[in-house]
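Visitor: with the input below, show me the fold.
(one chain, ligands or ions: 2)
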Amino acid sequence: MDGGVVLESLWSKRAVLVSGKGGVGKTTLAAALAVAAARAGQPVLLVELSPDENGPSTLAALVGARDEGPRVTVARPGLSFVRLSALEGHRRFLEETLPLRWLADAALRARALRRFLDAGPGLREMGLLYQMLTLLRLTRPGGGPTHPLAILDLPATGHALGLASLPRSVLSVMPGGPIGRAMAEGLAFLQDPARTGVLLASLPEPLPVSEALALSQDLRRLGLPLAAAVLNRMPEDPFTPASRAAAERLLAAHGPHQGQRALGRLARAQASWERFAVGLDAPHLCLPELSATGPELVEQLAGRLVTAPPSRRAREATP
Ligand SMILES: Nc1ncnc2c1ncn2[C@@H]1O[C@H](COP(=O)(O)OP(=O)(O)OP(=O)(O)O)[C@@H](O)[C@H]1O
Ligand SMILES: [Mg+2]
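Guide: Numbering: from 1, shown residues only. Ligands and ions are numbered 1, 2, ... in the order given. Coordinates of the predicted model:
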């Protein structure tokens, strides 16, 4: 499918959640998408949701951004970076719900409360979700959102699902009050296909594709809208049908050979692409396996994504 269609389906959102199993290229893809968006004149906030909030940020390094934790930094024109932190989210939340700012600081300094807020993954994610909503709600002095589009690099499959199932579980025990209201807002945001879209990434091998198809079912069950899917690291196929047939004859005549493994990988990749494309009800695209690494890989992949100027519809300032 045309990469332009895939990008169009993403550029119109307020938040794109890059999701998929471990190691499929989520971080690389999130960075490449952000670079492609910035090149196309689409301002973007690249967001890291790291399980380890104190370690170095791979994502920041991939786009040459300064990592100042919860403070938004500008990596290049149109590309900002931020690292969500549960602590920051909890602080904002307490500031907005407690009558005085110093009460929020005092509350966060109380060891018992901090232990409580760090304890359950749910509460940690609640802080992350709250901080994300706060960032998306920011407006520019002249009106319009400060960050019209956020691209979130989710560290593992569980996080997209955790973020989406969290508001529901909180709402079931706390339907009212400030926490209930914040969660209802978060849930409405995450489940609104006009504002949120998941980009599901996978690799061109049978098991990762099966996992991606299963994940898409989980997303559907949770009401998280799938916006697009990318099969990453597609091996380059150097053959025409005729040269492939000749290569197969040659290999068959000479017994087991390295070349046979390469041909087998190509065949699996092609079959995986077909299953992926048929099994997912969303615009899809494959990206090639490249020899570059790090920021250079990101720049090259961004170049493979179509960078036609996006046609954004007008946005309101609320997330
Ligand atoms: N198209 C590509 N071509 C070549 N190498 C790639 C490509 N995409 C990703 N990689 C490499 O694959 C490795 C895993 O990528 P990445 O860290 O982005 O995956 P991830 O899904 O974010 O992993 P994790 O689940 O651990 O967060 C990295 O070394 C990256 O450079
Ligand atoms: Mg990653």
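
Visitor: how far does stretch 75-82 sit from the chain's center?
Guide: Stretch 75-82 sits 16 Å away from the centroid of its parent chain (Cα atoms, centre = their mean, to the nearest Å).

Visitor: quick one: what helix or strand has Gln270 in it?
Guide: helix 258-279 (DSSP states H and E).

Visitor: I would like the residues contacting that helix, please.
Guide: 1, 202-206, 208-209, 212-213, 216, 229, 231, 234-235, 237, 239, 244, 247-248, 251, 284, 286 (Cβ atoms under 8 Å, 6 or more residues apart in numbering). (Each C-beta comes from the backbone N, C-alpha and C, glycine too.)

Visitor: contact partners for the nearest residue in space to Pro193 that is not next to it in sequence?
Guide: For Pro193, ignoring the flanking residues on the chain, the nearest one in space by Cβ to Cβ, 6 or more residues apart in numbering is Pro225 at 3.7 Å. Contact partners of Pro225, counting by Cβ under 8 Å, 6+ apart, are Gln191, Asp192, Pro193, Thr196, Gly197, Val198, Leu219.

Visitor: nearest to ligand 1 among those?
Guide: Val198 (14.0 Å; Cβ to the nearest ligand atom).

Visitor: quick revisit: tell me the spacing between the residue nearest to Pro193 and Ser12.
Guide: 12 Å (Cβ to Cβ, to the nearest Å).

Visitor: for the following helix or strand past the helix holding Gln270, the distance to its chain's centre please.
Guide: As assigned by DSSP H and E, the chain's next helix or strand after helix 258-279 is strand 284-288. Distance, stretch centre to chain centre, for strand 284-288: 16 Å (Cα atoms, centre = their mean).

Visitor: who are the packing partners of strand 284-288?
Guide: helix 3-11, strand 226-234, helix 258-279, helix 294-304 (3 or more Cβ pairs under 8 Å, 6 or more residues apart in numbering; DSSP states H and E).

Visitor: can you list the strands that it pairs with?
Guide: strand 226-234 (parallel) (DSSP bridges).

Visitor: now the partner strand: average pLDDT?
Guide: The pLDDT scores in strand 226-234 average 95.

Visitor: before we move on, what about stretch 54-65?
Guide: Rounded mean pLDDT across stretch 54-65 is 90.

Visitor: again, but for stretch 70-84
Guide: Regarding stretch 70-84, the rounded mean pLDDT is 93.

Visitor: residues contacting the residue of the chain at minimum distance from ligand 2?
Guide: Closest contact between the chain and ligand 2, by Cβ to the ion, is at Thr27 (3.3 Å). The contact partners of Thr27, by Cβ under 8 Å, 6+ apart, come to Thr58, Leu59, Leu62, Asp153.
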